[in-house]
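>>> Got a sequence here, can you build the structure:
(chains A, B and C)
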Amino acid sequence: MADDKKFAGFICTGCGIGERLDAGQLETTAKRDGKMATCQQHEMLCSKEGVQLIRDAIDKDGATHVMIAACSRRAKVEAFSFTDVAMSRANLREGVIWARPENDDNQETTQEMADDYIRMACAEVKYMNKPKMSGEQALNKNILVVGGGVTGMTAALETAAAGFPVHLVEKTGALGGWAAKWHKRIPGRAAADGVGNGTNVDLPMPMDNDVEQMVAAVEASELITVHLNSTVTKTSGAPGRFSVDITTESGSTATENIGAIVQASGWKEFDASAIPSLGSSNADVVSNVELEALAKAAGDGPIKRPSDGKEVKSVVFVQNAGQASTAEGHLPYHSGIGDLIAIKQAIYFKAQNGKDCDTTILFDNLRTPGAAGEDFYRSGQQQMVIFSKGQVGEVTSGGNGATVSFKDLILDEEVKLEADLVVLDLGMVPNSGPDPYAANESQEGMTDEEKGDAKAAAEIAVPIDSILNLDYRQGSDLPQLKWGFTDSHFICFPYETRRTGIYAAGPVRRPMDIKQAQDDATGAAMKAIQAAVNAGQGSAAHPRVGDLSYPSFRKEGCTQCKRCTVECPFGAINEDEKRYPMFNESRCRRCGTCMGACPVRVISFENYSIDSVGQQIKAVDIPDEFSEKPRILVMACENDAYPALDQAAMSGQEISPWARIIPVRCLGSVSLSWVTDAMNSGYDGIIMMGCQRGDDYQCHFVRGSTMAAERMAKVGDTLSTLNLEPERVIVHEVAITDIERAPRLIKDMEEVVERVGMSPFKF
Amino acid sequence: MTEVVATNETILVVGGGISGMTAALEAAETGKKVVLVEKRPYLGGRVSQLYKYFPKLCHPTCGLEINQRRAKMNPNLTIVTMAEVTNIEGEAGAYTATVKLSPRYVNDNCTGCGDCARAVEAEFDDEYNYGMSKRKGAYLPHVMAHPMQYVIDPRIVGSDDGQKAKAACKYDAVDLDMQEREIKFPAGAVIWATGWQPYDAAKIQPYGYDRFDNVITNVEFERMADPKGPTGGKIVRKDGKEAKNVAFIQCAGSRDRNHLYHCSRICCMASLKQTHYVVDAYEDAKVTIYYIDIRAIDRFEDFYQTVKAMDNVTFVKSKVANVITDKEGNPICRGVDTEGYHRYENTHDLVVLATGMEPSVAKGDFPVDIVINREGFIEPDAANGGVFAAGSASDALDVNRAVQHATGAALKAIQVVNRVARAEA
Amino acid sequence: MSDMNKAMVEKYRNSFLSEVEANVEEGEWVKMCMQCGVCAGSCPLGDAWEHTPQKIFMMIRAGKRDEVLASDSMWMCTSCYNCIVRCPRELPITHIMHGLAHYAKRLGIVPQGQPTAKFAQLFWDNLIKKGRVNELKLGLSLYFMNGFGEGIKTSLKMKDIGLGMVKTKRMNPMEMLGGHAVKDLSGFQKVIKKAQELEEARLAKHGA
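Numbering: from 1, shown residues only, chains lettered A, B, ... in the order given. Predicted structure coming up:
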């Protein structure tokens, strides 16, 4: 294989590179130090002509490995797209000439920087190979949907509408979930165009429940196979080749081959017994869920209260019962839809029990957001529902039903209000499986206090049934972030769970109503279809879609230490029967955390490996101890810190001439060996720049940044055995906006080196 | 100019903000051909002008970097900037789109070197910073702009500056003869992701946005907090004074039949987020939030609780009646705290209007038949055929909900083009 | 049922809100208030209010019938219309305030000595006699509203203005003697009578 490699270098002299740098010397460096068989200069390499030059080298001269020294790897990506070869880029523009002042004093160090980046890019490409599909892929179009409520049914219908077959698994004997129990639905739309303002205008009213029609549509679909009274008892494999056992109540099991999975396991009602002060033991104090049953039972007639069947003439809605509260046993979050539900239910009373039925909603901040939300608030007001900003103290029995004590915050007075019926707005609790990381070894990132909390939580927790029964090394279900909701990036990439090819949808992700759950289910179905398609092509999932590489390892070197299987943020790696890691490439997100974890350096990707980075570190020319030219190695997350440095240069900021910056996929991929090798070869300081860790983590590989920080916490020992000062190595959290700060952090290291002295390890 | 090659199996995405980008990328990464049409010279839309997101206080440009990388790498995606859809004809599975291309006066040769900007003298209000700073007549809209290609302001085209820009370019990238042109191409389905714009705060007369320097909008405040922004990330007033005592006026335009009927959903969270900016900037910061209802919902609730617990933050349940200023130009908020009836007249350093979101496309300006509601947001409706709204074109949405919605819209569009593919197979 | 209990039962009930809706001009808008308080803050006479309009609306919804109708707040409205312009729900607040005042007057629960109420009565009495307002008489009866001594004092204070008005023919002292009426006085009185009948009928139907 090695014999077939042909290396070609290209140096762009445009954008001032030619004027600022000695291109001839760069070319020499590429050939002599970088061992490029050929090296050509072009005054505008990204032009049609320049690109053709490279194209010809590949097509006519058989170049297999191409080194392009020009602008940042973030620029001109479309022009320099040569997917049929291995390619590296030396960043001479943003990385060198724009980052350094243009004057004679700096000429020497600027040229040295450029020469090093050429050496580094040559070294990198030498250890890269063009990724090829492993060949184990085939398109598997079957999508598994777990949960037969509105979310699950929507996911199934939308998937089927795209031409993909679905297995829909529902635990109970019927489809429909909670929504089937609802009397009516919150209207999902705002007032129609042309409707004006008024006291009796055409505003959206509670909608008829259409769950039955949905169930009928699911049952009628040829592409959807419904499994009632069934649960998923085992899920093994990976996207594109999941093997899923679906077991019925009676114990019979069918095994299906599945491409990707949507988990729509829904929610359960908050247990009102945790809030006894709100009268949950009183028969005439019901939850908003229970009220739906009362309303449905009444048909279009008057709603009757449970205790004595009396027709309700007055009802009080107590909002946020046990929600948005820091009190023990309460929900710290908010269902977000309770006020819309209360309005809907108050309108039931106005419609069914008569306009003179008193309906009072005691809220704190009325949460009716958006266009549809605000119009529904108006709708409730038009129906003469009374809204009061009130802080409810307690609900007591007695009198004619129940008495609600509250403080009217507007009128600033304590009030006792009697009602035939009190409705509590209870929150939604996600129906998640057990959190794989609730109380196990992956608490490394936590403080002691957090560990204590997690332990306490684990002790009081009742065993929870698994939803997916994943046969994964890292647990049976989707990881959770907070309060039992599934983990995701939540803002930019809300569907990215930590289990590739498995997408959560509906209230298991965050509390939501039917309309939102339907939107969400459609999105999750999209992601599932995409996962199946990409798995079929051997391509990575988000965020490296299109990357055909996957981790492989040298079995003979593996010590079966299991670090990789434990540290993979995506639980992608299992152990085979001989206890070697099994990578499950379509579960892999190509972050390289396994590579960084491996103490014996046997894990690598075709286009990213211990050597492709390690050799760059070694390729840098280290001036001797007395040169007064320190070398600072910067390993920067390619998505945030590296662009921050690029932008710093673009905005005219200087970057230290001693810095040699290597973009890494994720700080999690940084091998300790790179650090020790760099120290051994005479670098004076090492900076690692990764993303924010913790609950509000910003690492796109979730735990990569955390893993790096943990590993590097131990680097001090290594340094002291080498007799080096621990402050020579530092890990920073750097955001993409740290345009000023990132160069300053390098400057800070310069000062450290000045203080502690140059490394004694220079040759 | 990238040539547009499209068929009835192509998905047209209108709008390249976070929703449009998401929809386009999700479809393209599922193997579909996508044409993304964006009016601005760059992608990312409104969120590219935000400093941080709630509730994680992370940076929108981080996700933008990923999305832009996804876009650069994906051969299925064609991006057309400075382009507006002027007409869509046909039906689901067989649309013809007419797109007007405005001249950029810079061609694909542009390397992003910046020589033209250095050569040009004329300066104009910088749209990216909502006019709070100036930019050159030849400019890169912002440092992360994709495509990373300069733009020549049409106002310098006939001038000496135009010639200077042309002369400065070593790569023949400046083309002052570029003309507006129109292209037509087919598409099977359309994703409409034209997003939102901030409501014009000058229309809320009693708040004096048009009269007082120290009354600004939340989108402007966002630029102010950004280290890349017009004040280098410093929370200061136009007169240079540090803005330590900041008031946020919620529902500035929203929930108000004189302005916008709807609740814009995001403004409460945005003000809570911006409270962090103030509190992080000054030890002796003081923040007052005037509100009707704080709409922190579901997983955002604890973000609200965190801000509520801050000693130097006060919440006043009141729609501010009006803003006046004292001799030093300090804005004074006047009104009644409705919780128990207390009149107030509070002097602040700076007032930030939490202006609401309105649809970017005015009612009646849609180039295609589409069902909209009273607010001008697109309603899902069978009558819309193969045109699907994504993100804030459908409602006032935060980014997380917009992305979810856009991902779903991608599937809706794929369903249509898959039907076309099956019919043609 | 004791009075206490009855009072409690009436709280936060629709009864008073319905009563306002039926009997007060534009009263059907009260339910649409969202308690933002912009009316309260926009009112130029805000400081003089015991209850702001927004608070009155909340009190109506809380069933505080007596407190609302006995409040003098709605008598303070000067009809500047600032609140209507600003109200995000477009409540015709000025009209509702006047409507409430009128309703309270009809029910005979005007706060003792409320000057606006007194003036309104004088105005009405003056108007109904001749079908037009006799400004001279109205002015004088206003001065003497709070007793003879005060009437003299005020009259003397206003004397120069009065003379000036006479001099510029803005006021005719002869109006003191009866004063002239509208052309068809009996017609005018018939109109008023009919209106009163209609109002009685409405009250009989809805109760007050």
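
>>> What count of nearby residues applies to residue 21?
Just so you know, I chose chain A. The tally of other residues near residue A:21 (other CB atoms under 10 Å in any protein chain shown) stands at 23. Where you see a C-beta, it was placed from the backbone N, CA and C, and this is true even at glycine.

>>> Actually, chain C is the one I wanted.
By other CB under 10 Å, 19 other residues sit near residue C:21.

>>> same question, the one 4 residues further on
For residue C:25, the count of nearby residues is 15 (other CB under 10 Å).

>>> Looks like it contacts residue C:98 (just checking).
Yes: between residue C:25 and residue C:98 there is a contact under CB atoms under 8 Å: 7.0 Å.

>>> Point out where the chain drops to low pLDDT.
All of this is about chain A. A:1-3, A:136, A:399, A:439-462 (pLDDT under 70).

>>> um, chain B though
By pLDDT under 70, the low-scoring segments of chain B are B:1-2.

>>> Get me the contact residues on it for chain C.
B:206, B:251, B:255-258, B:292, B:317-322, B:334-338, B:341, B:343 (CB under 8 Å from any CB of the partner chain).

>>> Next one: the closest residue to chain C within chain B from chain A, what distance?
Nearest to chain C in chain B, going by CB to the nearest CB, is residue B:321, at a distance of 2.8 Å. From residue B:321 across to chain A, the span is 17 Å (CB to the nearest CB, to the nearest Å).

>>> Now do the contacts for that residue.
Taking CB atoms under 8 Å, 6 or more residues apart in numbering or on different chains, we find residue B:321 in contact with B:206, B:334, B:335, B:336, C:37, C:38, C:40, C:41, C:42, C:86.

>>> Save those residues as a markdown table, and put in neighbour count and distance to chain A too.
Formatted as a markdown table, these follow (neighbours: other CB atoms under 10 Å in any protein chain shown; distance: CB to the nearest CB, whole Å):
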| residue | neighbour count | distance to chain A |
| --- | --- | --- |
| B:206 | 18 | 19 |
| B:334 | 18 | 19 |
| B:335 | 27 | 15 |
| B:336 | 29 | 11 |
| C:37 | 28 | 9 |
| C:38 | 30 | 14 |
| C:40 | 27 | 11 |
| C:41 | 28 | 14 |
| C:42 | 26 | 18 |
| C:86 | 22 | 14 |
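
>>> and these as a markdown table, adding distance to residue B:197?
As requested, the contacts of residue B:321 are exported to a markdown table (distance: CB to CB, whole Å):
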| residue | distance to residue B:197 |
| --- | --- |
| B:206 | 22 |
| B:334 | 29 |
| B:335 | 27 |
| B:336 | 31 |
| C:37 | 28 |
| C:38 | 24 |
| C:40 | 32 |
| C:41 | 28 |
| C:42 | 28 |
| C:86 | 24 |
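
>>> So which of the residues you listed sit within strands?
Among the contacts of residue B:321, the ones falling in strands (DSSP state E) are B:334, B:335, B:336.

>>> what's residue 133 in contact with, if anything?
You didn't say which chain, so I picked chain A. Neighbouring residues of residue A:133 by CB under 8 Å, 6+ apart: A:537, A:538, A:548.

>>> that's the wrong chain, I wanted chain C
C:123, C:126, C:127.

>>> Go again with 6 Å.
Residue C:133 sits next to C:126, C:127 when contact means CB atoms under 6 Å, 6 or more residues apart in numbering or on different chains.

>>> Could you break chain B into its assigned domains?
For chain B, automatic domain parsing gives the domain ranges B:11-102+B:180-195+B:360-424, B:115-168, B:199-357.

>>> What are the boundaries of the helices in the stretch 151-300 of chain B?
Along the stretch 151-300 of chain B, the stretches classed as helices by DSSP state H, counting those that start in this stretch are B:160-168, B:218-225, B:267-281.

>>> ok, now chain C?
Taking DSSP state H as the test, the helices found in chain C are C:3-10, C:14-23, C:38-42, C:53-61, C:65-70, C:82-86, C:93-107, C:115-130, C:135-143, C:148-157, C:159-167, C:185-206.

>>> Would you format the ones you listed as TSV with mean pLDDT included?
As requested, those are exported to TSV (pLDDT from 0 to 100):
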stretch	mean pLDDT
helix C:3-10	49
helix C:14-23	90
helix C:38-42	95
helix C:53-61	95
helix C:65-70	93
helix C:82-86	95
helix C:93-107	93
helix C:115-130	90
helix C:135-143	86
helix C:148-157	87
helix C:159-167	88
helix C:185-206	86
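
>>> Relative to chain B, tell me which of those helices wins on proximity.
helix C:38-42 (2.8 Å).

>>> Centre of the chain to that closest one, how far?
20 Å (CA atoms, centre = their mean, to the nearest Å).

>>> Repeat that for stretch A:539-550.
The chain centre lies 15 Å from the centre of stretch A:539-550; the measure is CA atoms, centre = their mean.

>>> So what touches that stretch?
In contact with stretch A:539-550 (CB under 6 Å, 6+ apart) are residues A:131, A:133, A:496, A:500, A:531, A:534, A:538, A:585, A:588, A:590, A:605-607, A:700, B:29, B:66, B:73.

>>> Just the ones of those in helices?
A:531, A:534, B:66, B:73.

>>> how deep is the third one tucked in, by neighbour count?
Going back to what we said before, that points to residue B:66. 21.

>>> Repeat that for the first one.
In terms of burial, residue A:531 registers 27 neighbours under the definition other CB under 10 Å.

>>> What's the separation between it and chain C?
45 Å.

>>> My understanding was that that residue contacts residue A:503; is that so?
No: Residue A:531 is beyond contact range of residue A:503, at 7.6 Å (criterion: CB atoms under 6 Å).

>>> how far away is residue A:242 from residue A:147?
Note on residue A:242: its distance to residue A:147, by CB to CB, to the nearest Å, is 16 Å.

>>> Residue B:419 falls within a helix, correct?
Yes: using DSSP: H, G, I helix; E, B strand; the rest coil, the assignment for residue B:419 is a helix.

>>> so what's the spatially closest residue to it that is not a sequence neighbour up against?
Residue nearest to residue B:419 in three dimensions, not counting chain neighbours: residue B:93, with 6.4 Å by CB to CB, 6 or more residues apart in numbering or on different chains. The contact partners of residue B:93, by CB under 6 Å, 6+ apart, come to B:8, B:188, B:416, B:420.

>>> Most neighbours among those, please name it.
Neighbour counts for the contacts of residue B:93, by other CB under 10 Å, peak at residue B:188, which reaches 27 neighbours.

>>> So that residue sits against residue B:12, correct?
No: here residue B:188 does not reach residue B:12: they are 8.5 Å apart, not a contact under CB under 6 Å.

>>> how many other residues sit next to residue A:147?
Neighbour tally, residue A:147, other CB under 10 Å: 28.

>>> how about it, what does it touch?
A:264, A:265, A:266.

>>> what's the neighbour count on the last one?
What that stands for is residue A:266. Residue A:266, neighbours per other CB under 10 Å, totals 26.

>>> Who are the contact partners of it?
A:147, A:149, A:177, A:431, A:506, A:507.

>>> go again using 10 Å as the cut-off
A:146-152, A:171, A:177-179, A:428, A:430-432, A:467, A:505-508, A:517 (CB atoms under 10 Å, 6 or more residues apart in numbering or on different chains).
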